[in-house]
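Trainee: I would like the atomic coordinates for the input below:
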Amino acid sequence: MAAVRAWVAFVTEGNESVPVRPEILSSWRRSAQGSALEVVSAPLADEGDTAAFWQGSPLQAAVSAVADELRRSAADGDLVLAVTDTQARILWTYGGRVMRRKAEAVNFVAGGRWDDTSVGTNALDLAARLDAPATVFSAEHFAPIVHNWVCWAAPLHDPATGERLGVIDLSTTWDRAHPIGLATARMMARLIESALPDTRQHPRFGPPPVEHGLSLTLLGAAEARLDGRRLLLNRRQTEILALLALHPEGLSLERLHALVYGDSAVSVSTLKSEVSHLRSTLGGAISSRPYRLMLPVVVDVDEVLDRVKRGEVLAAVTAYGGDLMPGTNSPALTELAEVVAVAVREALLADPDPDAVLGYSEIAPYDVQVLEACLARLGTSGHRAIPLLRGRLAAARR
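Mentor: Okay, here's the model as predicted:
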């Protein structure tokens with residue numbers, strides 16, 4: 001593996017011309033100043049101080065509010081989740097059965113100090129340090145104790161003030177790496193941020209934004225919100241709601257059935273039952289004959305495609321959270337997913353804005369052609385993004 005060879009060259013020979021991303025190399029340099037190579041577990045902060053900080057933190061209230069969903073995700077994917085403060089000190093963790101044991105063995109637990117000077121390069125530290133989502137894969141970690149891990153982390157902010165609060169991290173073994181891991185971390189960060197307490201509990205917060213109507217996030221990880229409140233829907237119900245939102249003119253029962261199920265042998269009564277559940281969830285805001293949503297709707301897909309049409313590539317990528325409902329069986333949504341993915345990619349190839357390409361490479365890290373197009377556009381200009389783009393291109397080619 002290229003990452004292992006690069007790590008060995010750096011550690012044994014001091015070779016700093018290794019093909020790793022610039023942010024990894026910078027962290028390796030910091031890590032080499034400490035004792036991360038010999039560390040067998042992360043050092044632990046004072047238990048009492050950690051507990052007191054957590055209990056007084058708005059993050060504790062937010063995590064408690066969405067804990068069931070976080071735990072379900074950890075169990076389903078056999079992940080270990082961690083929430084940290086701004087210094088990469090772990091405040092809360094939850095893990096699936098296998099990963100929980102692995103995490104405890106290296107002090108990936110509350111109080112564990114995961115800054116890179118303490119335990120070497122890792123995604124928690126990078127996300128906190130760079131204030132940006134981060135992935136660290138296998139031997140990109142500096143400490144050998146986590147060389148068999150892959151970690152995805154995203155920063156947490158107070159949405160009212162922009163203040164940094166900490167990081168959410170998802171970790172598992174490297175052989176279970178998934179291309180939507182980073183998008184999932186970003187989605188969990190948004191979930192926690194949306195649950196932060198309001199001004200009445202924490203006066204330093206500004207007033208929460210007022211939201212009205214239905215808001216659908218379909219790119220990356222699907223989520224539906226009604227008047228700012230997250231709806232608990234299964235995948236099929238979310239697909240139906242998405243198709244109704246994307247067809248504001250309304251759909252007949254037969255047409256909706258075809259868009260949702262295609263040629264699958266699913267009865268019309270099953271669809272009627274799902275629509276009935278949605279109608280109840282939305283307070284009756286679905287009409288019949290045709291089925292149509294009777295409330296304001298905002299869908300992230302529309303924003304991305306609209307930005308692409310206007311040539312606003314950076315804004316399109318910023319709104320693009322990843323593939324549309326990965327794993328969907330709906331033929332209509334599968335087709336739309338391809339349309340959106342191709343539209344964003346073609347827009348980047350036509351206008352490879354460096355910041356947009358860097359954002360896109362977090363979602364599609366192995367798209368060599370887009371990275372090459374951006375570097376070709378920049379040439380020898382000395383643009384600040386060139387070193388990072390070259391690093392990501394090297395990683396994508398491994």
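
Trainee: would you map out the domains in the protein?
Mentor: 2-194, 214-298, 300-397 (automatic domain parsing).

Trainee: for the record, mean pLDDT for the second one?
Mentor: Model confidence over domain 214-298, given as mean pLDDT, is 91.

Trainee: give me the distance from that domain to the chain's centre.
Mentor: 24 Å (CA atoms, centre = their mean, to the nearest Å).

Trainee: can you get me the start-to-end distance on it?
Mentor: One end of domain 214-298 to the other measures 6 Å (CA to CA, to the nearest Å).

Trainee: ok, the last one next?
Mentor: The stretch domain 300-397 measures 31 Å between its terminal residues, going by CA to CA.

Trainee: roughly how far is that domain from the heart of the chain?
Mentor: That offset, for domain 300-397, works out to 15 Å (CA atoms, centre = their mean).

Trainee: can you redo the domains of the chain as CSV, where the extra columns are mean neighbour count?
Mentor: For every residue, glycine as well, the C-beta is placed using N, CA and C. Compiled in CSV, these are given as follows (neighbours: other CB atoms under 10 Å):
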stretch, mean neighbour count
domain 2-194, 20
domain 214-298, 16
domain 300-397, 18
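
Trainee: which residues touch residue 311?
Mentor: 347, 351 (CB atoms under 8 Å, 6 or more residues apart in numbering).

Trainee: would you mind measuring from it to residue 213?
Mentor: Look at residue 311 and residue 213: by CB to CB, to the nearest Å, they are 28 Å apart.

Trainee: ok, what's across the strand from residue 219?
Mentor: residue 324 (DSSP bridges).

Trainee: residues contacting it?
Mentor: Listed by CB under 8 Å, 6+ apart, the contact set of residue 219 reads 300, 301, 304, 319, 320, 321, 322, 323, 324, 340.

Trainee: three-state assignment of residue 136?
Mentor: Here residue 136 is strand, with the state taken from DSSP: H, G, I helix; E, B strand; the rest coil.

Trainee: is it in a bridge, and if so with what?
Mentor: residue 151.

Trainee: quick one: contacts for it?
Mentor: 24, 121, 122, 123, 126, 150, 151.

Trainee: ok, so of the residues you listed, who is nearest residue 389?
Mentor: residue 24 (14.3 Å; CB to CB).

Trainee: which phi and psi does the closest one have?
Mentor: When read as degrees, to the nearest 10, the backbone of residue 24 gives phi -70, psi -40.

Trainee: ok, the closest residue to it other than its chain neighbours to residue 146 distance?
Mentor: In space, and not counting its chain neighbours, residue 24 is closest to residue 140: 5.1 Å by CB to CB, 6 or more residues apart in numbering. For residue 140, the distance to residue 146 (CB to CB) stands at 10 Å.

Trainee: which one of the contacts of residue 136 is nearest to residue 364?
Mentor: The nearest one, if we look at the contacts of residue 136 relative to residue 364 and count by CB to CB, is residue 150, at 16.7 Å.

Trainee: before we move on, the earlier item: thought residue 20 was touching the residue nearest to residue 24, still the case?
Mentor: Yes: the criterion here is CB atoms under 8 Å, and residue 140 meets it with residue 20 at 6.6 Å.

Trainee: what's the overlap in contacts for these two?
Mentor: Common neighbours of residue 140 and residue 20 (CB under 8 Å, 6+ apart) are residue 3.

Trainee: for residue 57, give me the backbone phi and psi.
Mentor: Torsion angles, degrees, to the nearest 10, at residue 57: phi -100, psi 140.

Trainee: just the pLDDT at it, thanks.
Mentor: 84.

Trainee: ok, now the one 10 residues further on?
Mentor: According to the predicted model, the pLDDT of residue 67 comes to 89.

Trainee: cool, and the one 4 residues further on?
Mentor: The pLDDT attached to residue 71 in the predicted structure is 88.

Trainee: how about it, nearest residue that isn't a chain neighbour?
Mentor: Leaving aside its sequence neighbours, residue 71 sits nearest to residue 94 (CB to CB, 6+ apart; 5.1 Å).

Trainee: hmm, who's touching the helix or strand harbouring residue 305?
Mentor: Using DSSP states H and E, residue 305 falls within helix 300-309. Helix 300-309 is contacted from outside by 216-219, 246, 313, 315-316, 319-321, 324, 336, 339-340, 343-344, 347, using CB under 8 Å, 6+ apart.

Trainee: hang on, the earlier thing: which SS state does the residue nearest to residue 71 fall under?
Mentor: strand.

Trainee: quick one: it and residue 299, what's the gap?
Mentor: Taken as CB to CB, the span from residue 94 to residue 299 is 31 Å.

Trainee: after the one helix or strand residue 27 maps to, next one along is what?
Mentor: Here residue 27, judged by DSSP H and E, is contained in helix 22-32. Next helix or strand after helix 22-32 toward the C-terminus (DSSP H and E): helix 47-55.

Trainee: dump that following helix to CSV, restricted to CA.
Mentor: Extracted C-alpha coordinates of helix 47-55, given in CSV (Å, rounded to 0.1, in the frame of the first residue of the first chain):
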residue,chain,number,x,y,z
GLU,A,47,-11.8,12.5,34.3
GLY,A,48,-13.5,15.1,36.6
ASP,A,49,-12.6,18.0,34.4
THR,A,50,-13.8,16.2,31.3
ALA,A,51,-17.1,15.3,32.8
ALA,A,52,-17.7,18.8,34.2
PHE,A,53,-16.9,20.4,30.8
TRP,A,54,-19.2,18.0,29.0
GLN,A,55,-22.1,18.6,31.4
